[in-house]
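# Predicted model and sequence below, questions to follow.
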Amino acid sequence: MPRIKNNDPSVFIGCESNYGEAKVVMFGAPFDGTSSYRPGSRFAGSAIRNESYGIETYSPYLEKDLADFPVFDAGELDLPIGNACEALERIEEAVSEIISDSKIPLMIGGEHLVTLGSVRALAKKYPDLNIVHFDAHSDLRDDYLGEKLSHATIIRRCHELIKGNVYQFGIRSMTKEEDLWARENVVQRKYDFKTLDETISRLRGKPVYLTIDLDVLDPSIFPGTGTPEPGGVSFADLISAIHRTVDLDMVGCDVNELAPHYDNSGVSTIVACKVIRELILSII
């Protein structure tokens, strides 16, 4: 793995396999240089690793145990603060190496812009790549305050890269322009996951990248995020949606936008840990 530092000896619970034997490679992308409201998501990776020891490796939902599967936690990428272009290049380089070794990358952000680096790498290998997107925000602006690279424009940039093939769920915040553009260019389900099964049937057998912005959850469950939006889904709804993606050909995924310092109780970080555990056990 290039440009990765793992000075902290801790890893995500149950992910102690070596790189060679691992099917899933988890790594952190600590970048929040375009956060438009509250920064701090660059600290998510370290918080998640530390707090993961408050949960079990075993999932009673799936009756599977992380300890029984080869998963490698590569630590955090060394990303430059404030330089979005360079950060995305380093993420793309890391993901390219992972997929060249026939492994599934699981990226932990960081702000949502980091998804673009991963999608750039995967789109080169899979020209017919599809994106399934769980989020409160549509992230379909063409620019934000004149910037094309932003956590508010990430899905628009991905849409351009893969020529469509974007499926959004849980969306409840957008501009009027985004709403109108979405109706013509993406498949979008507002507020919940009720049409997810139809999308899964449509995408079965095709390469899929799943990107999860944790603010899809209601802030009463997950206050530790940069841009909280009332009216979100429940934890049970999100976990159910993740479990249903087991029928997809998942070639990569990410979990983004935990900003741990905005929840002093630590509950948001534990929620993120459980989401990651269930995601790994769904794709492995």
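Cool, the structure landed.

# Quick check: mean pLDDT of stretch 145-154?
The average pLDDT within stretch 145-154 is 88.

# what does stretch 190-209 give?
Stretch 190-209 shows a mean pLDDT of 97.

# end to end, how far does it reach?
One end of stretch 190-209 to the other measures 20 Å (Cα to Cα, to the nearest Å).

# Name the nearest residue to Thr164, ignoring sequence neighbours.
Check again: residue 164 is Gly, not Thr. Leaving out its chain neighbours, the residue that sits closest to Gly164 by Cβ to Cβ, 6 or more residues apart in numbering is Asn185, at 6.8 Å. C-beta coordinates here come from the backbone N, C-alpha and C atoms, glycine included.

# That neighbour and Cys158 touch, don't they?
No. Assessed by Cβ atoms under 8 Å, Asn185 is found out of contact with Cys158, at 11.7 Å.

# and the two? which has more neighbours close in?
Cys158 (24 against 13; other Cβ atoms under 10 Å).

# didn't that one look like it was pressed against Ile131?
Yes. At 5.7 Å, Cys158 counts as touching Ile131 under the criterion of Cβ under 8 Å.

# For those two, list the residues in contact with both.
Residues touching both Cys158 and Ile131 (Cβ atoms under 8 Å, 6 or more residues apart in numbering) are 119, 166.

# I'd like to know how many residues surround Asp68.
With other Cβ under 10 Å as criterion, Asp68 counts 11.

# Likewise for the one 10 residues further on?
Here the count is done by other Cβ under 10 Å, and Asp78 has 12 residues near it.

# got it, and Ile276?
25.

# so Ile212, which of the three states?
Following DSSP: H, G, I helix; E, B strand; the rest coil, the label given to Ile212 is strand.

# That one: how many residues sit nearby?
Around Ile212 there are 29 residues (other Cβ under 10 Å).

# who's it bridged to?
The partner list for Ile212 in beta bridges (DSSP bridges) reads Phe134, Val255.

# wait, isn't it in contact with Val275?
Yes. Using Cβ under 8 Å, Ile212 is in contact with Val275, at 6.9 Å.

# what helix or strand is Leu88 on?
For Leu88, the host element (DSSP states H and E) is helix 84-100.

# next SSE after that helix?
Using DSSP H and E, the helix or strand that follows helix 84-100 in sequence is strand 104-109.

# Helix 84-100 and that following strand, what's the angle between them?
Per axes from the mean of the first three to the mean of the last three Cα atoms, to 10 degrees, the angle that strand 104-109 makes with helix 84-100 is 150 degrees.

# quick one: low-confidence ranges for this structure?
Scanning the chain for pLDDT under 70 picks out 1-9.

# all strands for it, in order.
4-5, 24-29, 58-59, 64-65, 71-77, 104-109, 130-134, 166-171, 187-190, 207-213, 249-256 (DSSP state E).

# now the ones you listed in JSON lines, with distance to Val267?
What follows is these, written out as JSON lines (distance: least, Cβ to Cβ, whole Å):
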{"stretch": "strand 4-5", "distance to Val267": "28"}
{"stretch": "strand 24-29", "distance to Val267": "20"}
{"stretch": "strand 58-59", "distance to Val267": "19"}
{"stretch": "strand 64-65", "distance to Val267": "24"}
{"stretch": "strand 71-77", "distance to Val267": "22"}
{"stretch": "strand 104-109", "distance to Val267": "18"}
{"stretch": "strand 130-134", "distance to Val267": "19"}
{"stretch": "strand 166-171", "distance to Val267": "20"}
{"stretch": "strand 187-190", "distance to Val267": "26"}
{"stretch": "strand 207-213", "distance to Val267": "18"}
{"stretch": "strand 249-256", "distance to Val267": "16"}
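
# Out of those strands, which is closest to Ser220?
Distance to Ser220, taken as Cβ to Cβ, is lowest for strand 166-171 among these, at 15.0 Å.
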